[in-house]
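Novice: Starting from these lines, generate the structure:
(chains A, B, C and D)
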Protein chains: 4
Amino acid sequence: MSLIESFERSRLAAGAGELWRHGISASFLDAVGDGSLPAEAFHRWLVQDYLFVVGFTRFLAVAASRTPRPAQSAMIGGLAALDAELGWFEGHAAARGLDLDAEPHPTCRRYVDFLVAAAYTEPVEVLLAILYGVEVAYTVAWGRLEPRGPYAEFIERWTSPEFQQYVAELLRLADAHPHPGQQAAFDEVMRHEREFWRMTWEG
Amino acid sequence: MSLIESFERSRLAAGAGELWRHGISASFLDAVGDGSLPAEAFHRWLVQDYLFVVGFTRFLAVAASRTPRPAQSAMIGGLAALDAELGWFEGHAAARGLDLDAEPHPTCRRYVDFLVAAAYTEPVEVLLAILYGVEVAYTVAWGRLEPRGPYAEFIERWTSPEFQQYVAELLRLADAHPHPGQQAAFDEVMRHEREFWRMTWEG
Amino acid sequence: MSLIESFERSRLAAGAGELWRHGISASFLDAVGDGSLPAEAFHRWLVQDYLFVVGFTRFLAVAASRTPRPAQSAMIGGLAALDAELGWFEGHAAARGLDLDAEPHPTCRRYVDFLVAAAYTEPVEVLLAILYGVEVAYTVAWGRLEPRGPYAEFIERWTSPEFQQYVAELLRLADAHPHPGQQAAFDEVMRHEREFWRMTWEG
Amino acid sequence: MSLIESFERSRLAAGAGELWRHGISASFLDAVGDGSLPAEAFHRWLVQDYLFVVGFTRFLAVAASRTPRPAQSAMIGGLAALDAELGWFEGHAAARGLDLDAEPHPTCRRYVDFLVAAAYTEPVEVLLAILYGVEVAYTVAWGRLEPRGPYAEFIERWTSPEFQQYVAELLRLADAHPHPGQQAAFDEVMRHEREFWRMTWEG
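Specialist: From the prediction side, this is the model:
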């Protein structure tokens, strides 16, 4: 069984049912895959995803502050990866002349509000489910595309073996620390993922 | 001017006056340097410093969550170093049969209380001064010793060029974001450092 | 000029433009006013508004923890009023056999996520704008109805002189502590108000 | 059995042993009782206790934000009492020409650091033990004095039936939500109480 298959069959993804399927497929991604994506939509995604990662970094830092070792170590590793990712986004934005000092779209803001509110108020076990949800949705959603065409670098980023190993570690942690609130939080991640993809496509 | 000299002459160290000198010298360190340190004191330091770093990691994660880039990047780098340091402590404790699941000494607890309370309530500029204070005190205090004798590995850890470069970056950040509350917070770090060293020596 | 008029003309309400008008009018309220509201919708509102106030109390407690006197005193007074309001809701729910231990509707959850995330991360001045926004929307929205019919007690609650005086104090505080981020936060309150009313009406 | 006796025999007070006895008796209080207290010590206490209550209010607001009903209601009632107490302190300070915009003494600061760090990081059950500890220490310590002499108003404040009923409610809540971490936190409150009294007496 590949890692992607283990993600698809994981307790939380299976439990989310239709919400899971909606969270990992999007017209935006289809258009990335067949090369038909309008530049405007790509630029919107790039700016809003950067703003999302800024908020996600805040979530993960607060979560790491509340989580004991050894799960904390995985979170700190994740923070270093997000920090590098923000630099990578900044390079792509500069190359395209995009202004990252933009307002978050209401859809982006609500996703970040959910993450930040959870980071401060939910049990650590629920934070592990949220963290797994955000990352697994990305690796599976991008993993359905062939890494070719004008966006190959982006497709490869979230389908690399290193990233998949990180997601597998998050799955292991979420499963090792079960909690009755995990499924509802994972489901809410999927709702936000779906709406985020819709926003990148429709504006 | 060496980095150590630039630390000694930095605005915050100079402003702390006698508190700075008390924060970076200790009978404990003198005994590390001349090889006369009782094993009991070393073990007490090792356990309590581990518990301190657990709390310091919490401080730094909350601080990173509240700090915008690029200062946030330095903090995330610091978190990765602390995470590695905790593993290093765990190895040393295991080799000596020490139990790290111990109660923090009241002196350790108060230092951590100060850091955690500040992380949630002080302005980011003040957090930068605290972060610089904690790290500069360690590199200067250990840097006064020759890296030899039974504790050479420990002396080398906080006097390595990499660690000094990190402290130099923290100094640059603290100076680039001045705030009227920085000196009082830096001074409080030095008071806690002095009391921590006294506790490791006297019990 | 009545207090209600001073609210309508306040800097933040005027600055929100159409969002303000959408935040204070709703098919749900029209149906309360003419007595045509289906019991199902009223029950949905009662349960979800209770869950909202639970989250709003959390927001206000965190905000009060971060706010110096004398604005803190107004917030603590507001907390006491919310505490009493929760008891009042519990009485109405018990009388109608409604279960308050329900799941928040996604729309309710997002409003609370916004409040809680803001409480921990936004400047105090912005929290004052949010607090004013939540309360002024309620007193103006309910204030457009005549206090009669089956829901007279509910209409009277948020149109009482005491409540209007409290809202006037919040307006004074928000205006006395201006901040560039206030309008965007106030606008976001109005978006959430509109969506909350839509949810109570449509399910 | 009087309420004071029930406090003296409560699980947490009995469990603290000598720390409890040290937390509720002080040379400062003896001198209040026999009228021999120097004005300088009284003024120091008045200013530092005000600054302590400012920090204690922050603790209680964060604790209330994290605590579900009905314990939350008792905390909100406590916040309203602290808010009134701060106004009362301000009146006494103004009447004596004392500046409340002073630096906290290091001893006061460490007590507040402990409370604020706990508010953000300890389980709610532990916060209930801390809250009971702070309040019971005051009502028992002042309750050992006769309400007469120049400080009668101060003695009466913390020995009133209303305040004792509030402390009895806090005892009930702490006992209704037991937790293995309660005793260590209660003990730490007593250490801070002892050091606070020593500071008011010795400077």
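Novice: Dihedrals phi and psi, A:His179?
Specialist: Main-chain dihedrals, A:His179, degrees, to the nearest 10: phi -160, psi 140.
Novice: what's the answer for A:Asp101, then?
Specialist: Backbone torsions of A:Asp101, given as degrees, to the nearest 10, read phi -90, psi 50.
Novice: Look at it and say how many residues are nearby.
Specialist: Neighbours of A:Asp101 under the rule other CB atoms under 10 Å in any protein chain shown: 6. In this view, the C-beta of every residue, glycine as well, is placed from N, C-alpha and C.
Novice: Can you pull the residues of chain A lying near chain C?
Specialist: A:58, A:103, A:106, A:109-110, A:112-114, A:116-118, A:120-121, A:184, A:188, A:191 (CB under 8 Å from any CB of the partner chain).
Novice: now the angle from whichever strand or helix holds A:Val116 to helix C:106-121?
Specialist: Using DSSP states H and E, A:Val116 sits in helix A:106-121. Per axes from the mean of the first three to the mean of the last three CA atoms, to 10 degrees, the angle that helix A:106-121 makes with helix C:106-121 is 60 degrees.
Novice: Could you check helix A:106-121 and say which residues are buried?
Specialist: A:107-121 (16 or more other CB atoms under 10 Å in any protein chain shown).
Novice: Closest one of the residues you listed to chain B?
Specialist: Checking those against chain B by CB to the nearest CB gives A:Ala119 as the nearest, at 7.8 Å.
Novice: And for the residue lying closest to the closest one once chain neighbours are set aside, the neighbour number?
Specialist: Among residues not flanking A:Ala119 along the chain, A:Val62 sits closest, at 3.8 Å (CB to CB, 6 or more residues apart in numbering or on different chains). A:Val62 has 24 neighbouring residues, counting by other CB under 10 Å.
Novice: So A:Val62: helix, strand or coil?
Specialist: Secondary structure, DSSP: H, G, I helix; E, B strand; the rest coil: A:Val62 is helix.
Novice: Check whether it really touches B:Ala61, as I assumed.
Specialist: Yes - taking contacts as CB atoms under 8 Å, A:Val62 lies within contact range of B:Ala61: 7.2 Å.
Novice: Okay, helices next: where are they in chain A?
Specialist: A:3-8, A:11-16, A:18-23, A:27-33, A:39-66, A:71-96, A:106-121, A:124-143, A:152-157, A:161-176, A:182-202 (DSSP state H).
Novice: At the geometric centre of chain A, which residue do we find?
Specialist: Closest to where the C-alpha atoms of chain A average out (CA atoms, centre = their mean) is A:Val134, at 3.7 Å.
Novice: quick one: contacts for that residue?
Specialist: A:Val134 makes contact with A:56, A:115, A:189, A:193, according to CB atoms under 8 Å, 6 or more residues apart in numbering or on different chains.
Novice: any chance of those residues in TSV, with distance to chain B and pLDDT too?
Specialist: Below are the contacts of A:Val134 laid out as TSV (distance: CB to the nearest CB, whole Å; pLDDT from 0 to 100):
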residue	distance to chain B	pLDDT
A:Phe56	11	98
A:Leu115	11	98
A:Val189	19	98
A:Glu193	22	98
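Novice: pull the helix or strand with minimum mean pLDDT from chain A.
Specialist: The helix or strand of chain A with the lowest confidence, counting by mean pLDDT, DSSP states H and E, is helix A:152-157 at a mean of 92.
Novice: now that helix: how far from the chain's centre is it?
Specialist: Centre-to-centre, helix A:152-157 and its host chain are 14 Å apart (CA atoms, centre = their mean, to the nearest Å).
Novice: List the buried residues for that helix?
Specialist: A:154-155, A:157.
Novice: Near chain D, which residues of chain A are found?
Specialist: A:66, A:121.
Novice: distance from the centroid: which residue in chain A tops it?
Specialist: When distances are taken from the C-alpha mean of chain A, A:Gly97 lies farthest, 24.4 Å away, according to CA atoms, centre = their mean.
Novice: And the pLDDT at that residue?
Specialist: A:Gly97 carries a pLDDT value of 97.
Novice: Least reliable of the helices of chain A by average pLDDT, please.
Specialist: In terms of average pLDDT, helix A:152-157 trails the rest of the helices of chain A, at a mean of 92.
Novice: what sits up against it?
Specialist: By CB under 8 Å, 6+ apart, helix A:152-157 touches A:32, A:88, A:142, A:145-148, A:163.
Novice: Out of the helices of chain A, which is closest to B:Ala41?
Specialist: In terms of CB to CB, the element of the helices of chain A nearest to B:Ala41 is helix A:71-96, at 28.9 Å.
Novice: packing partners for that closest one?
Specialist: helix A:39-66, helix A:124-143, helix A:161-176, helix B:39-66, helix B:71-96 (3 or more CB pairs under 8 Å, 6 or more residues apart in numbering or on different chains; DSSP states H and E).
Novice: how about 7 Å then?
Specialist: Where contact means 3 or more CB pairs under 7 Å, 6 or more residues apart in numbering or on different chains; DSSP states H and E, helix A:71-96 is packed against helix A:39-66, helix A:161-176, helix B:71-96.
Novice: got the angle between that helix and helix A:161-176?
Specialist: Here the directions of helix A:71-96 and helix A:161-176 differ by 140 degrees (the same axes, to 10 degrees).
Novice: Just the buried positions in helix A:71-96, please.
Specialist: Going by 16+ other CB under 10 Å, helix A:71-96 has these buried residues: A:71-79, A:81-83, A:85-86, A:89, A:92-93.
Novice: same check, this time on stretch A:162-177
Specialist: Buried, per 16+ other CB under 10 Å, within stretch A:162-177: A:163-164, A:166-171, A:173-174, A:177.
Novice: just stretch A:38-48 next, same as before
Specialist: Judged by neighbour count using 16+ other CB under 10 Å, the buried positions of stretch A:38-48 are A:41-48.
Novice: Make CSV out of those and add distance to A:Met199.
Specialist: Converted to CSV, the buried residues of stretch A:38-48 look like this (distance: CB to CB, whole Å):
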residue, distance to A:Met199
A:Ala41, 10
A:Phe42, 13
A:His43, 13
A:Arg44, 8
A:Trp45, 9
A:Leu46, 13
A:Val47, 11
A:Gln48, 7
